[in-house]
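Q: Show me how the following folds:
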Amino acid sequence: MNIIINGRHLDITPAIRDYAESKVRKFDKYLSSITEAVVTLSVEKYRHKAEILLKANGITIQAEGVTGEIYSSIDEVVEKLERQTKKYKEKLITQRKENRTQPPPPSEETDTYPEIRIIQRNKFATKPMSPEEAAMQMELLGKDFFVFASADSGSINVLYRMKDGDFGLIEPA
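A: The predicted structure follows:
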């Protein structure tokens, strides 16, 4: 954790720096992912003010305390930050519990697409023929479509009967 201590109208003595750093380091037990802590200490007439800003996991937690002495201001702001970090941690825990107890949302794929079942398979040899021969074969079998190999290109084609009784031909490109 990177701790930055600033002073406004106040000289930061080694004793004040050590005291503030020791108090801020306590927050590692609450939030282990604290990247930066900015401590600003200032004096205005008889008011001693301490502000602490903690940055962790993309969130910022801030508090300030104003008293008649700088050490008590640091203590006050640390107490406020402890309450805020505990509240934040409890909020995270309750959100995790709520996410675990909720049933998973139904997948959209099962709702929009019914289960596809293939109930019959046919295998047959395709011999090369012209579309006219395939139409005659389709008429003899009494089917609405016929799969055959084209005599010209050797590719698989599909001949089908349209609603008006005419024939349609599907050829691969």
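Q: what's stretch 67-81 in contact with?
A: Identification of contacts with stretch 67-81 by Cβ atoms under 8 Å, 6 or more residues apart in numbering yields 10, 16, 19-20, 23-24, 26-27, 39, 41, 43, 46-52, 54, 61, 63-66. Where you see a C-beta, it was placed from the backbone N, CA and C, and this is true even at glycine.
Q: So which of those residues are in strands?
A: Members of the contacts of stretch 67-81 lying in strands (criterion: DSSP state E): 39, 41, 43, 47-52, 54, 61, 63-66.
Q: quick one: low-confidence parts of this structure?
A: Applying pLDDT under 70 to the chain picks out residues 101-113.
Q: Just give me the longest helix of it.
A: Looking across the chain with DSSP state H, the single longest helix is helix 70-101.
Q: Could you list the domains of the chain?
A: Here the domain parsing of the chain from automatic domain parsing is 2-100, 124-170.
Q: Rebuild these as JSON lines, extending it with distance to Pro114 and mean neighbour count.
A: JSON lines is the format used below for the domains of the chain (distance: least, Cβ to Cβ, whole Å; neighbours: other Cβ atoms under 10 Å):
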{"stretch": "domain 2-100", "distance to Pro114": "30", "mean neighbour count": "15"}
{"stretch": "domain 124-170", "distance to Pro114": "23", "mean neighbour count": "13"}
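Q: Export the ones you listed as JSON lines, with columns for distance to Glu115.
A: Putting these into JSON lines (distance: least, Cβ to Cβ, whole Å) gives the following:
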{"stretch": "domain 2-100", "distance to Glu115": "29"}
{"stretch": "domain 124-170", "distance to Glu115": "25"}
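Q: Nearest to Ile116, out of the ones you listed?
A: Nearest of the domains of the chain to Ile116, taken as Cβ to Cβ: domain 124-170 at 19.5 Å.
Q: Farthest-apart pair in the ones in strands among the contacts of stretch 67-81, please.
A: Using Cβ to Cβ, the ones in strands among the contacts of stretch 67-81 span at most 24.1 Å, a distance reached by Val43 and Ile61.
Q: Give the full set of residues in contact with Gln62.
A: 51-54.
Q: do Asn6 as well
A: Shown in contact with Asn6 (Cβ under 8 Å, 6+ apart): 12, 38-41.
Q: 6 Å instead, please
A: Contact analysis of Asn6 by Cβ atoms under 6 Å, 6 or more residues apart in numbering lists Thr40.
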